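**Student:** sharing a model prediction with you, sequence too.
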Amino acid sequence: MIQDALAQILTDALRASASELGIDPSDLPVPELSRPRVREHGDWATNVALVVAPKVGASPRAVAETLARQIPAGDVIERVEVAGPGFVNLFLGAGWLADTLREILERGPDYGRAKPAGSRVQIEFLSANPTGPLHVGHARNAVIGDALANVLETAGFEVEREYYFNDAGGQMDRFGASVTARYLQRAGRDAEIPEDGYFGAYIDDLAEQLQSEHGDSYLSIDDPEERRSRVQADAVDIVLGWIRRTLDRFGVRFDAYVSESDLARKGEIAAAIERLRERGFTYESDGALWFRATEFGDDKDRPLLRSDGRHTYFGADCAYLIDKFGRGFDHLIYVLGADHHGDVARIKGAAAAMEFDPDRVEMLIYQFVAFQRGGRPLKMSKRAGSFVTLDELIDEVGADAARFHLLSFSNDSAMTFDIESVKRQSLDNPVYYVQYAHARIASVLRKAADQGATVPAWNEAPVELLDHESEVDLIRKLAEFPELVVTAAAARSPHRFTRYAEEAAAAFHRFYTERRIVTEDPARTGARLALAQATKTVIASTLGVLGVGAPEAMERLSVDEIS
């Protein structure tokens, strides 16, 4: 990345200035770089002079001026300016822009993709309980987790995506009882859904499918509890099939599925609780077993075992920690809704209590989405059966538009999703604006090829001819992509790719409007085709990180709409 080259140039300048400044050449600070808010202040700036000044007893501006004299002008840095109290502003040269464009053309889809970091990261996200189909309330968790996994993979991490589902406990028992009641009713038996059970058409659908697949087999089970357990297990399998198909439509993939019942069956929950007991972090009260969560910053202690001896969700969470670390992951990320904010202290506390490094456990909390239709809020209740399924959202809005909009805001910001607005297929809708840029470039390249003009090889493209402001600005924007990958991965912020995609698309549309790509000048045509190809590559990579398609054509939009 350009930052590495600039940091080395600054380090060399510091070393060359060491005797004049009176600093130890073996103890030089690492120069930090930032982008000035105003383009007139350069492409990059460093405050290293402000760091050095107190050590040498000189003014920061005097240090900056000394440093600036040691920075050679050339292909990478065109000129240097000292600004304010002692900032050094760096203006990049045309040679760097040409090298950047050639690198994009040479590396293609690998441009911006980091080398393997040698670190295994597990991201557990979505993890909706299998009590019904996925609904729109699950959408943000799904795309944040999936896009974050894409970001980290692009940044060089080995990532495993995991879906954990609670298929045990009171909630699941109520679900099983609800499906059983509907099944019995279909068989002409008297049965009622529990008052706190699940209602809605999908419960009827489950009962109908079970009757179709299993006939009257459940009726021969005399023990009501055994019957409910059998019906529940089969209904869960059906719901998990629904969930997998919906996620496939939404472009969300998982590498592994783990269930609470799996942990219990392997004895891992009991083992985790015993481990906490042996280390002195549990106590009994009112017949239940409690974890001393307050010793780790939680607001209250948490139960591990209920008075009836059944484990709690938190007890299973402790076992899940052991299971994850036992699989050799270096870092664990949980993507959780704002209602799980309290889980942070207790999960990290449990990790510490079981002698795992709590810093290797990370909770990414996201705020909820207010779904609307034409400005009117949607009411949601899975138990009452009044909700919009994620499949219905995909049918109406499309996976690409839904994902792009859900990723347009930082995860710690609440957001509104108006279905009528997001499904609008016009260029004032950001996802279509970006996709159209990619489709337009594909069209330009096809038409150019029909006229006998093709993209030159990366090492033959005369990119030095790209000197118009719109061309230079577009190259500068493309050059930001590797930096974006690094910063977005470190900040766990996939939403930055949506803004970047819009900016890159806007820069291309401006270039396209102000410069003819195919001209009578073969060399200039080759240079501009190279720039178009590089832009297409970067936009496709950006959309790929977001899990959004990069279409080669968009028939519903005309060229005239954006000119």
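**Tutor:** That came through fine.
**Student:** and the residue minimising distance to the centre of the chain, how far from R113?
**Tutor:** The structure's the chain has its C-alpha centroid closest to L148; by CA atoms, centre = their mean the separation is 2.3 Å. Taking CB to CB, to the nearest Å as the criterion, L148 is separated from R113 by 16 Å. Where you see a C-beta, it was placed from the backbone N, CA and C, and this is true even at glycine.
**Student:** please name the spatially closest residue to A49 (chain neighbours excluded).
**Tutor:** Excluding its sequence neighbours, the residue lying closest to A49 (CB to CB, 6 or more residues apart in numbering) is A64, at 3.7 Å.
**Student:** surely that neighbour touches V88?
**Tutor:** Yes: between A64 and V88 there is a contact under CB atoms under 8 Å: 5.1 Å.
**Student:** rewinding a little: element containing the residue nearest to the centre of the chain, please.
**Tutor:** Per DSSP states H and E, L148 falls inside helix 139-154.
**Student:** show me what that helix is packed up against.
**Tutor:** Contact here means 3 or more CB pairs under 8 Å, 6 or more residues apart in numbering; DSSP states H and E; on that basis helix 139-154 packs against strand 120-124, strand 158-165, strand 331-337, strand 361-366, helix 390-397, helix 399-406, helix 481-491, helix 522-546.
**Student:** and the next helix-or-strand element following the fourth one, average pLDDT?
**Tutor:** It refers to strand 361-366. Sequence order places strand 369-373 as the next helix or strand after strand 361-366, per DSSP H and E. Model confidence over strand 369-373 averages 92 on the pLDDT scale.
**Student:** break the protein into its domains for me.
**Tutor:** Following automatic domain parsing, one finds the domains of the chain at 2-92, 172-249, 430-561.
**Student:** dump the ones you listed into a markdown table; add distance to E284 and mean neighbour count as well.
**Tutor:** A markdown table is the format used below for the domains of the chain (distance: least, CB to CB, whole Å; neighbours: other CB atoms under 10 Å):
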| stretch | distance to E284 | mean neighbour count |
| --- | --- | --- |
| domain 2-92 | 53 | 17 |
| domain 172-249 | 25 | 17 |
| domain 430-561 | 39 | 19 |
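**Student:** out of these, nearest to L126?
**Tutor:** Among the domains of the chain, domain 172-249 comes nearest to L126, with 7.8 Å by CB to CB.
**Student:** OK, contacts around Q70?
**Tutor:** Contact criterion CB atoms under 8 Å, 6 or more residues apart in numbering gives 12-14, 16-17 as the residues in contact with Q70.
**Student:** and R107, how far from W458?
**Tutor:** In this structure, R107 lies at 9 Å from W458, with CB to CB as the measure.
**Student:** element containing the nearest residue to the residue nearest to the centre of the chain once chain neighbours are set aside, please.
**Tutor:** If the residues on either side of it in the chain are set aside, L148 comes closest to P494, at 5.2 Å by CB to CB, 6+ apart. Assigned by DSSP H and E, P494 belongs to neither a helix nor a strand.
**Student:** ok so, going back, could you dump the contacts of Q70 to CSV with pLDDT?
**Tutor:** Listed next are these as CSV, based on pLDDT from 0 to 100:
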residue, pLDDT
D12, 91
A13, 92
L14, 92
A16, 92
S17, 90
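**Student:** of all the residues you listed, which two lie farthest apart?
**Tutor:** The most widely separated members of the contacts of Q70 are D12 and S17, with 9.7 Å between them, by CB to CB.
**Student:** so P72 sits in a strand?
**Tutor:** No: residue state for P72 (DSSP: H, G, I helix; E, B strand; the rest coil) corresponds to coil; a strand is not indicated.
**Student:** least trustworthy helix or strand in this structure by mean pLDDT?
**Tutor:** Least confident helix or strand of the chain, by mean pLDDT, DSSP states H and E, is strand 376-377 with a mean of 86.
**Student:** and it, what does it pack onto?
**Tutor:** Here strand 376-377 touches no other helix or strand, going by 3+ CB pairs under 8 Å, 6+ apart.
**Student:** so what strands line up beside that strand?
**Tutor:** With DSSP bridges as the test, strand 376-377 is paired with strand 369-373 (antiparallel).
**Student:** now do the buried residues in the strand it pairs with.
**Tutor:** Using 16 or more other CB atoms under 10 Å as the burial criterion, the residues of strand 369-373 that qualify are 369, 371-372.
**Student:** pretty sure T389 sits against G137.
**Tutor:** No: here T389 lies out of contact with G137, judged by CB under 8 Å, at a distance of 10.3 Å.
**Student:** before we move on, back to that, just the ones in helices from the contacts of Q70, please.
**Tutor:** If you go by DSSP state H, the contacts of Q70 have 12-14, 16-17 in helices.
**Student:** picking up where we left off before, any idea how far the residue nearest to A49 is from G170?
**Tutor:** As defined by CB to CB, A64 lies at a distance of 66 Å from G170.
**Student:** for R292, which residues are in contact?
**Tutor:** For R292, the contacting residues are 281-283, 301, 353, taking CB under 8 Å, 6+ apart as the criterion.
**Student:** just give me the closest of those to L321.
**Tutor:** Nearest to L321 out of the contacts of R292 is A353 (CB to CB; 9.9 Å).
**Student:** quick check: phi and psi at that closest one.
**Tutor:** Dihedral angles phi and psi of A353 (degrees, to the nearest 10) take the values phi -60, psi -30.
**Student:** tally of neighbours for the closest residue to it other than its chain neighbours?
**Tutor:** Excluding its sequence neighbours, the residue lying closest to A353 (CB to CB, 6+ apart) is F281, at 4.5 Å. Using other CB atoms under 10 Å, F281 has 21 neighbouring residues.
**Student:** pLDDT at F281, what is it?
**Tutor:** Here the pLDDT value assigned to F281 is 97.
**Student:** ok, it touching E295?
**Tutor:** Yes: taking contact to mean CB under 8 Å, the distance of 7.2 Å between F281 and E295 places them in contact.
**Student:** in this structure, where is pLDDT below threshold?
**Tutor:** The model of the chain has pLDDT under 70 over residues 1, 380-386, 555-563.
**Student:** done for today, thanks.
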